[in-house]
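Q: Okay, here's the prediction I keep looking at, along with the sequence it came from:
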Amino acid sequence: MEASPALYVVATPLGNLGDLTARAAEVLRAVPWVAAEDTRHSAPLLRHLGSPAKLLPAHEHNEEAAARQVIERLAAGESVALVSDAGTPAVSDPGARLVARVREADFKVVPLPGPCAAVAALSASGITAPRWLFVGFLPTKAKQREEALRELAALPAALVFYEAPHRILESVAALAATLGAARRVVVARELTKLFETIHACPLGEAAAWLEADANRQRGEFVLIVDAPAPAAGDDDAEAGRVLGLLLDEGLPVKQAAKLAHAITGAAKNALYERALALRGGA
Ligand code: SAM
């Protein structure tokens, strides 16, 4: 714990109490106040920990007022912890505005990392795209959802969505229609819980997989759509551009091909042939 008062942003379990970190337990026992998305939901966790902290409601509809209360407590020299119902506060949950106000008021904000459905799903997805974008919940209206997806379709990154069970079928259909039926999706449901399921398939097959067993449409979902496959022409053009630059710098053909291979990953033999052609057989 900090010597000076601080707001601790505390991640809590998604479903398995064992995922509460030792540091989260220590802070939740030590602070006099816990600002919670739903005080009724968080009260059992505090009881379980034997925490004497008092609860303050801090939900989406009172975040500004809650921020004022938290700042008053901090100004009085008392630390406050912030929790949401599950996972990391401010990730598709209230908390970001409260944190912003506390920072504006120049009080210390300390993150206590831990469970987050997006990160848990990514870590077990097997998706190797080096970049990913957290999208969270899509708009519920079809037109806005399609517009949002069109903006994302060509991004060279995996896309991470949150979805509720009653919209899961509609959403995978919209993803397949807009992002392409061939793109791979990982459906991660009920993470850390009894019926945890992680299934990968082409987007065009996801609806049928969900429909094959009604239980597969129950619970909480993360959907991760893999990055689009790079167009063959793009890779080729990039390798050619790099090779040309290296040859222009006066590098010998063999060395230019070797370096272009190291930079772009294009096949070394093909680069060598291409470099020879560019140098006019030299
Ligand atoms: N703050 C949370 C986090 O750090 O992941 C997210 C809160 S958001 C209101 C709730 C959504 O997160 C659910 O609708 C679902 O999409 C996802 N989620 C939460 N728990 C999950 C779990 N155990 N398995 C899969 N998805 C989960």
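A: Thanks, I have the structure now. Given the structure is predicted, the values throughout are model-derived calculations rather than measurements.

Q: Looks to me like Ala43 is in a helix.
A: Yes - membership of Ala43 in a helix is supported by DSSP: H, G, I helix; E, B strand; the rest coil.

Q: Please, where are all the helices along the stretch 101-250 of the chain?
A: Secondary structure of the stretch 101-250 of the chain (DSSP state H, counting those that start in this stretch): helices at 117-125, 142-152, 168-179, 203-211, 232-248.

Q: weakest of these by average pLDDT?
A: Ranked on mean pLDDT, the bottom entry among these is helix 232-248, at a mean of 80.

Q: what's in contact with it?
A: Helix 232-248 has contacts (Cβ atoms under 8 Å, 6 or more residues apart in numbering) with 253, 255-257, 259-260, 263-266, 271, 274-275, 278-279. The C-beta positions use only the backbone N, C-alpha and C, and glycine is treated the same way.

Q: that older thread, mean neighbour count and distance to the ligand for the helices of the stretch 101-250 of the chain - can I get that in JSON lines?
A: Formatted as JSON lines, the helices of the stretch 101-250 of the chain follow (neighbours: other Cβ atoms under 10 Å; distance: least, Cβ to the nearest ligand atom, whole Å):
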{"stretch": "helix 117-125", "mean neighbour count": "19", "distance to the ligand": "3"}
{"stretch": "helix 142-152", "mean neighbour count": "14", "distance to the ligand": "15"}
{"stretch": "helix 168-179", "mean neighbour count": "19", "distance to the ligand": "9"}
{"stretch": "helix 203-211", "mean neighbour count": "17", "distance to the ligand": "14"}
{"stretch": "helix 232-248", "mean neighbour count": "15", "distance to the ligand": "33"}
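
Q: State the pLDDT value of the residue of the chain found nearest the ligand.
A: Using Cβ to the nearest ligand atom, the single residue of the chain nearest to the ligand is Gly87, 2.5 Å away. Looking at Gly87, its pLDDT reads 98.

Q: Mind listing the residues bridging to it?
A: Following DSSP bridges, Gly87 is listed with bridge partners Thr12.

Q: Could you do Pro111 as well?
A: Counting by DSSP bridges, Pro111 forms beta bridges with Val9.

Q: burial measure for it, as a count.
A: Pro111 sits with 15 neighbouring residues when counted by other Cβ atoms under 10 Å.
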